[in-house]
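>>> need the 3D shape of this:
(chains A and B)
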Amino acid sequence: MVKPSIEAGAEIDRFTIGECVHRGGMATLWSVTHPDIAVPLLMKIPRVSEGEDPAAIVSFEMEQMIMPRLSGPHVPACYGTGDFARQPYVVLERIPGKTLYGRLGDLPLSFEETRTIAGKIAVALADLHRQNVIHQDIKPSSVMFRPSGEAVLIDFGLSHHNQLPDLLQEEFRLPYGTAPYMAPERLLGVRDDPRSDLFSLGVLLYFFTTGVRPFGEAETMRGMRRRLWRDPHPPRELRADYPPWLQEIVLRCLEIEPVWRYPSASQLAFDLGHPDQVKLTARSERLARDPISTVWRRRFNRGLTQPKPKADLAAQLASCPILAVALDTAEGSEALNEALRVTAQRILATLPSARLACLNVLKLGRVTIDRTLDEQGNNKHIDRMVTLKHWASPLKLDESRLTVHVLEAIDPAAAILEFADVNHVDHIVIGARQNSFVRSLLGSVSSKVAAEAACTVTVVRPPRRAALREQEIASSKNPDQVKV
Amino acid sequence: MLLAVFADIHANRQAFSACLDFARAHGAERMICLGDYVGYGADPEWTIETVMGLVDSGAMAVRGNHDNAVGSAAESMNAQAQAAIEWTRGRLSAPQRGFLAELPLILHEEDRLYVHSEASHPAKWRYVQDSSDAARSIAATPAHVTFCGHIHQPALYSMSSAAKMTSFVPTSGVPVQLLGGRRWLAVLGSVGQPRDGNPAASFAMYDTGSREITYCRVPYDVETAATRIRENGLPRWLADRLLIGR
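Next up, the predicted model:
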């Protein structure tokens, strides 16, 4: 086995080596070019000589397996891999700029800036988890941003792919990762829970807004294990001006038991995108850590923190979708809204971790100047919110699972589609328009949503008898209209 | 080259036909048969004729413990397997029995090894049940990848250059690259009598160029296969278990 030497000007599989960009403990990074590839490229080469950390080889193998499978804006594109038989390497798209690590000197950042950054990372995590990968090493130096704004996650050497062998699972007795960011269950050997990434993002959120790491910098196993029973100081204890909604989000991410965290990165991104709608619980008000009795109970009641059997990542994500119901409060019939509620209820009953966003579009005129008040002087926006909440109340949802949104738009279908896109909605439930006269003039909102949405759309109609009756009423008003 | 690898067909004509059709439709260029062509199922003659035909056109085949038991009364088996083998013995022609008796226990091809049970003691018919069983097999051969069956439950093991083991239950339809830096044991599920709770027939495809293995599950006419077993007076459980994949 003759290894080609790595130096500027050398060529490996038609990649021409340029300058060495970085020499890390596990790998070196080189800028490379390829005659057929126009984008800037980096070649990552593991340190595999005698005496190097065996983790360098295994984590390189994980990247070699995982990177070619990933796609989308939130990861660097992969352009080639080389095996240990000749020269191990991975060639990746070079993301311009620096990692978030460069911002550590600016901490604490403003709440608003941190919210935006964390929201982008949560969106990137949602996309990664959808591709069956758990990053397992989320920290500032693993996050970059594209010029267009999207977060890009890098360094997948410790990652877990739910459909590929986990070479790190049994190789090392100690958990590999970055101690301050590591989720408690990782210390128990659990590597297949996507909520571990949400914990790490919670650490980043806490650190970026307070300037303090919630679990310190302990590197020893003993120091790290404290997080299995000891909760961090609530951010409000450190900063009196800490917003309750943000403390709610941060402490939910940092829950010791994964089941108490957000069920998915999409749901976390949703809360980060709608701070005014975050359901505030006792978490948001805490000014001190848990009393010592609680900590002792956690420490000596090990049943709480025992690892669970292997999880199916796709099934777990499918169990906590974001559901959006579009309601037409102004023109929608009672029967239709009742049918929408029955449909939503059925979906929510089978998925206890799903959350529901109730949407209503306040239609703006194309030419007229809109008033925010109706003829009686009531605020239309607030009226609609009240109506949406009233519609949802029979569902008896915990408030953390329910949000209401009044969108103002000229084109209702476009507004619903945009909301679904921005908020990573998994399933839209919408009523079919009843009045065929109006539909023929304006086009159907539901058919446009169904045709153009990126997610599943359920179009709901009231039960047959009610629908027929309404059609009769409509046709008696417009006798010339053809019933559809 | 794209290989299709079949283990534990067990005289299940419906399952093997469905797998062969699937493999050919997905571009398989060469067939590898890992033994146990007979026993349990009701179509041993057809199955052996089919395997003989495949071998004539370039396929590779090794012998399994049930194939061995056809010609050797010394092979110890449970009562139902024994009943099935005795029934099978009476059905097979001399050339068919001769074909089984002459199959090798182990075959090498390039950096690959094919064996029914495992590579350390092929004639002892040991099951690969965990990482330590897999380590023993991998240590017994220089092959980059060993393909075996026998346990009727798919699994994929690897050994790193530092002799550390990993184990994995493969997801059907998702290719896994068998990285060159480590050595692998691909344990196949069963074509004709799956026992992992999924009644669909199980086999694998392997691309020798990209070194990617894809475990495949193929639904087949289980009811007919079960009916044939009952009609031929074989133990009823052998029919029932096909329906539940146990």
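>>> average pLDDT for stretch B:138-151?
Per-residue pLDDT over stretch B:138-151 has a mean of 97.
>>> let me fix that: stretch A:16-25
Across stretch A:16-25, the per-residue pLDDT values average to 90.
>>> can you tell me what sits against that stretch?
By CB atoms under 8 Å, 6 or more residues apart in numbering or on different chains, the residues outside stretch A:16-25 that reach it are A:6-11, A:28-34, A:42-43, A:47, A:53, A:56. C-beta: built from backbone N, CA, C; applies to glycine.
>>> which phi and psi values does the residue in chain B sticking out farthest from the centre adopt?
What lies farthest from the middle of chain B is residue B:162; by CA atoms, centre = their mean that is 29.5 Å. Dihedral angles of residue B:162 (phi, psi; degrees, to the nearest 10) stand at phi -90, psi 10.
>>> circling back: so which of the contacts of stretch A:16-25 sit within helices?
Taking DSSP state H as the definition of helices, these contribute residue A:56.
>>> burial count for residue 225?
In the absence of a named chain, chain A is used. 15 (other CB atoms under 10 Å in any protein chain shown).
>>> please refer instead to chain B.
Neighbour count for residue B:225, taken as other CB under 10 Å: 27.
>>> what about it, which helix or strand?
helix B:222-231 (DSSP states H and E).
>>> just the buried positions in that helix, please.
B:222, B:225, B:226, B:228, B:229 (16 or more other CB atoms under 10 Å in any protein chain shown).
>>> burial count for residue A:39?
10.
>>> again with residue A:412
Residues near residue A:412, counting by other CB under 10 Å: 23.
>>> average pLDDT across the helix holding residue B:225?
Mean pLDDT, helix B:222-231: 97.
>>> who does the residue lying closest to residue A:347 once chain neighbours are set aside bridge with?
Nearest residue to residue A:347 in three dimensions, chain neighbours excluded: residue A:323, at 6.0 Å (CB to CB, 6 or more residues apart in numbering or on different chains). In this entry, residue A:323 is beta-bridged to residue A:356, residue A:427, by DSSP bridges.
>>> likewise residue B:106?
Here residue B:106, judged by DSSP bridges, has bridge partners residue B:115.
>>> near chain B, which residues of the stretch 1-150 of chain A?
Proximity of the stretch 1-150 of chain A to chain B, by CB under 8 Å from any CB of the partner chain, involves residues A:54, A:57, A:58, A:61, A:64, A:65, A:83, A:84, A:85, A:88.
>>> isn't the second one up against residue B:181?
Yes - look at residue A:57 against residue B:181 with CB atoms under 8 Å: they come within range, at 6.8 Å.
>>> so what sits against both of those two?
Common contact partners of residue A:57 and residue B:181 (CB under 8 Å, 6+ apart): A:84, B:160, B:161.
>>> so where's chain A uncertain?
A:1-5, A:49-53, A:170-174, A:302-311, A:330-333, A:366-378, A:434-443, A:465-484 (pLDDT under 70).
>>> rerun at 50
For chain A, the stretches with pLDDT under 50 are A:1-2, A:479-484.
>>> could you pull out the helices for the stretch 151-300 of chain A?
A:195-210, A:221-225, A:235-238, A:244-253, A:265-273, A:282-285, A:292-300 (DSSP state H, counting those that start in this stretch).
>>> and the second one, what's buried?
In other words, helix A:221-225. residue A:224.
>>> got a list of contacts for that helix?
With CB under 8 Å, 6+ apart, helix A:221-225 has contacts from A:174, A:179, A:182, A:187, A:215, A:216, A:218.
>>> equivalent analysis for the fifth one, please.
Judged by CB under 8 Å, 6+ apart, the contacts made with helix A:265-273 from elsewhere in the structure are A:115, A:118-119, A:122-123, A:125-126, A:128-129, A:194, A:197-198, A:201, A:249, A:253, A:262, A:277-278, A:320, A:322, A:355, A:357, A:403, A:422-424, A:426.
>>> quick one: end-to-end distance for stretch A:430-450.
Terminal residues of stretch A:430-450 lie 9 Å apart, using CA to CA, to the nearest Å.
>>> what segments of chain B are helices?
Under the criterion DSSP H, chain B contains helices at B:13-25, B:44-56, B:65-71, B:79-91, B:94-102, B:131-139, B:222-231, B:236-244.
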